[in-house]
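In: my questions are about this predicted structure, shown below with the sequence.
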Amino acid sequence: MARALSHDIMYLSRPMLQIYCDGPYLKQRLEQPPGHYREYTYYYEAQALFQGDIEAWEKWNKLLVRQLKELQQPDGSFKGDMGNEVATSLSLLALALNYRFLPIYER
């Protein structure tokens, strides 16, 4: 059931992802640092690029990994405006696309 639901959600959201990924909106901003809500931006940008334009995602993902390595604390966590727990969770979820653990991360 969950797998079918996630497939339906991705099917329905794909046209919206195509608008943002095939057009200039995200591609022009690949190297720009996020403004507010950095962790949310990383997570949702990762999803949109991964589903919409795999080549753009690959380029952006290399930058993301480099940025997160610099931001990671010695204990493995991340600091963020919404607290370390949220920052760490969303940062790791943005990186999780590299491993395709969850059905929503499939192409």
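Out: The structure has been received and is ready for your questions.

In: in the protein, what helix or strand scores lowest on average pLDDT?
Out: Of all regular secondary-structure elements in the chain, judged by mean pLDDT, DSSP states H and E, the least confident is helix 2-22 with a mean of 49.

In: mind checking pLDDT for the closest residue to H36 other than its chain neighbours?
Out: Closest residue to H36 in three dimensions, ignoring its sequence neighbours and counting by Cβ to Cβ, 6 or more residues apart in numbering: D81, at 7.5 Å. C-beta: built from backbone N, CA, C; applies to glycine. We note a pLDDT of 86 for D81 in this prediction.

In: thought Y37 was touching D81, still the case?
Out: Yes - under the criterion of Cβ atoms under 8 Å, D81 lies in contact with Y37, with a separation of 7.0 Å.

In: list the buried ones in the helix or strand Q51 falls within?
Out: With elements delineated by DSSP states H and E, Q51 resides in helix 38-52, which encompasses its position. The neighbour-count criterion (16 or more other Cβ atoms under 10 Å) identifies 38-43, 45-52 as the buried residues of helix 38-52.

In: please apply the same query to stretch 72-85.
Out: With the criterion 16+ other Cβ under 10 Å, stretch 72-85 contains buried residues 77-78, 80.

In: check contacts around the residue nearest to H36.
Out: The contact partners of D81, by Cβ atoms under 8 Å, 6 or more residues apart in numbering, come to 36-38, 87.
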